[in-house]
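**Q** Quick one: sequence plus predicted model below, questions after.
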Amino acid sequence: MVAPLVLGGILTRHGASGPVSLRISEVEAYSGLGDDPGSHAHRGETPRNRVMFGPAAHLYTYFTYGMHTCANIVCLPEGVAGGLLLRGGEIVQGEPFVRERRGDAPFRDLARGPARLANAMGIPLGDGGADVLSGQYSLRLRVDPIVDVGRSARTGVSGAGGTDDYPWRFFIPGDPTVSPYRRHVPKKRATGAG
DNA sequence: CGCACGATTTGCT
DNA sequence: GCAAATCGTGCGA
């Protein structure tokens, strides 16, 4: 299980305005192996999730709800789809640069939630496929992996992927930057439709 | 080509 | 607590 190694790790991005470092406190695992209905790779390789099938330690970004960007770290070898969705973390460096984008949000909310996190780090959609270990990114894992990590069903995942059958959400217990668990909410479309 | 939905966040009441 | 915002992806014909 790789997730506990990433928890507590420091992800740094050297953006245009300055370096921003994040201590990862919450992730969700997504796999293309077996039946993982919640994974973007579930339907097989597409141009979209292509990077998930690539080598580990690369960035997989995706766009959702027409306005949000989320970031994953590919964590399985080339040819095997697997990624860790960065769901929450604490800004440990470059808070002023983060606030340029996130505004006056409470400190704990700066990178609380996948879309906020990507926004806080300033990760553009185009950074998908970027190496996390070189270039403008760097990832420092914990030397002593956190043993007592929290674990639960994944948040906001529709269908069977969001049930306890896939308890692949990992977080640091008690960390304030861990997003609250929220069950999947069915999307309702136009008004009056019924 | 057309249709429907999604690993969400934010603002108002 | 609920509803809106908003577009790329995936599948069927």
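**A** Yes, it's here.
**Q** so what's the residue most central in space within chain A up against?
**A** Centroid-nearest residue in chain A: residue A:86, 1.8 Å away (criterion: C-alpha atoms, centre = their mean). Contact analysis of residue A:86 by C-beta atoms under 8 Å, 6 or more residues apart in numbering lists A:11, A:22, A:24, A:26, A:27, A:70, A:71, A:72, A:73, A:114, A:117, A:118. C-beta here means a position set from N, CA and C on the backbone, and glycine is covered the same way.
**Q** just curious, which of those residues is nearest to residue A:104?
**A** Ranked by distance to residue A:104 (C-beta to C-beta), the contacts of residue A:86 are led by residue A:117 at 17.6 Å.
**Q** which SS class is the residue nearest to the centre of chain A?
**A** Secondary structure, DSSP: H, G, I helix; E, B strand; the rest coil: residue A:86 is strand.
**Q** Tell me the spacing between it and residue A:3.
**A** Separation of residue A:86 from residue A:3 (C-beta to C-beta, to the nearest Å): 11 Å.
**Q** Identify the contacts common to the two.
**A** residue A:27.
**Q** picking up where we left off before, show the buried residues in the contacts of residue A:86.
**A** Buried positions within the contacts of residue A:86, assessed by neighbour count (16 or more other C-beta atoms under 10 Å), are A:11, A:22, A:24, A:26, A:27, A:70, A:71, A:72, A:73, A:114, A:117, A:118.
**Q** Take those residues and keep only those in strands.
**A** Among the buried ones among the contacts of residue A:86, the ones falling in strands (DSSP state E) are A:11, A:22, A:24, A:26, A:27, A:70, A:71, A:72, A:73.
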